[in-house]
Each structure stands twice: as structure tokens, then as C-alpha cells.
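Engineer: task: produce atomic coordinates for the following.
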Amino acid sequence: MRLPFGPSVFVLVAALLIALGGSFIIAGLVALRRARPVRSVLQTLVGLSLLCFGALIGAIGVGMRGYRALTREDVAAQIAVRPVGPQRFSATIRVPYRPDTTYELSGDALYVDAHVLKWKPIANVLGLHTAYELDRVAGRYNDIAQERSHDRTVYSLAQDRPVDLFRLRRRYAFLAPVLDAEYGSGTFAPVTRPAEFEVRISTTGLLIREGMIGPK
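Structural biologist: Modelled structure (predicted):
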């Protein structure tokens, strides 16, 4: 399920606000030339406020690219695994709206985790609700000593973006009133034979179930 309002809508709104803010600033400069300082200050302040708000909306739109709206329980990915050697297996991952990708992983189990963004009620008014994006896939060893010393294979599933809302929230406390950022519970499943899994995400975190992979 896509977000209620696509990121492009936020970018469009941001562009309109920035354009409107620019027009107020220009009007403020014109008022200053006409010796109307009070009107100039007011129009400039309004223009700057619109520019800042537009930049914020645009950053949200860019940062939300790749995230999907979370309902009760969504299928985040379908994964087909196949052992290729001792503690080695391939994993072909199918994520909606993205091409299938195959990774070769080391370990006894398949591990997946995700980013989860939880917007506060004040942001819900803008159509922003809990959203998620798969973060990484890795191989997991059953033995802790092997986990520390053996070959580690970890791959990113997140999409590159100029604005990373997840990292910004964890870095800047001032975003707390509108946004929570946390890791969804990581999930793993043993790989002992060829199998097909569904990775699901709910409001309580990730889970993985063995099942048949359906059509793309």
C-alpha cells in the first residue's frame, strides 16, 4: 500500500509555498524601496516563514520516498532461499515496486530488519501515518562464537535518498513532537533447505513465515 499522499504531492506543495514565499519577499523589497518599512518587514517575515515551511514539506516529501504505509499487517517482502554450501545460501528478495535481487549470505539463518516511522497526531492531519522500509538483510549464525569470528554478510535494502528522515529523527530531538523513529523487530528463520518465505510487518514489528511466493 502506498502512502495516502505520494511524496510528489509534498514536493509540489513545497514548490508552491516556496514560490509564494519568494513573491512575498519580493513584495517586501518593493515596499522597502517605496519607504514603507512596516509593510516591508511584515511581508518579508511572511515570505521567510513560507520558505521555511515549504523547505520542511519538501524535505518530508523527499525523505518519504521508498517508505510504504503500514496497515494492520503487510507483506514487506517475499524471499526464496537455497543452500549453496556449508553455512552458505542464496536469497532472492522480491519487494513491491522494485526489481528482484539475489544475495549470497553466510550463516545458518536468514535475518531481516526494517525502519519504522511513526508520525504523531499533529502530522496525521497532513496524511502522514506509520510507514516502514526494509533496512537490511543478513546471514545469521546459530553459534555466537561463529557470529563473532566467521564471515559476516550484510546488505542494505533501503533506498538512497538525499533526506533520511529516520536518521534525522534519531539525531535531532526537536523532531520528537511530530515523529518517532525506531527499528521494527528484526526477524530470522533457519535455512536448511530450499524454501520460500514471506516477511510481514505489523504494528508490533517484523515476522517471517514460510509459504508460497505468489505472482509479482
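Engineer: next, count neighbours for the closest residue to Val154 other than its chain neighbours.
Structural biologist: If the residues on either side of it in the chain are set aside, Val154 comes closest to Ala138, at 4.2 Å by Cβ to Cβ, 6 or more residues apart in numbering. All C-beta spots, glycine's among them, are computed from the backbone N, C-alpha and C. Neighbourhood size, Ala138 [other Cβ atoms under 10 Å]: 20.
Engineer: Ala138 and Glu104: what is the separation?
Structural biologist: Separation of Ala138 from Glu104 (Cβ to Cβ, to the nearest Å): 12 Å.
Engineer: helix, strand, or coil at the residue nearest to Val154?
Structural biologist: Three-state call for Ala138 (DSSP: H, G, I helix; E, B strand; the rest coil): strand.
Engineer: that one pairs with what?
Structural biologist: Beta-bridge pairing for Ala138 (DSSP bridges): Tyr111, Val154.
Engineer: and it, what pLDDT?
Structural biologist: For Ala138, the pLDDT comes out at 96.
Engineer: same question, Ala176
Structural biologist: As predicted, Ala176 sits at a pLDDT of 65.
Engineer: what does Ile208 give?
Structural biologist: pLDDT, Ile208: 90.
Engineer: Ile93 too?
Structural biologist: pLDDT, Ile93: 95.
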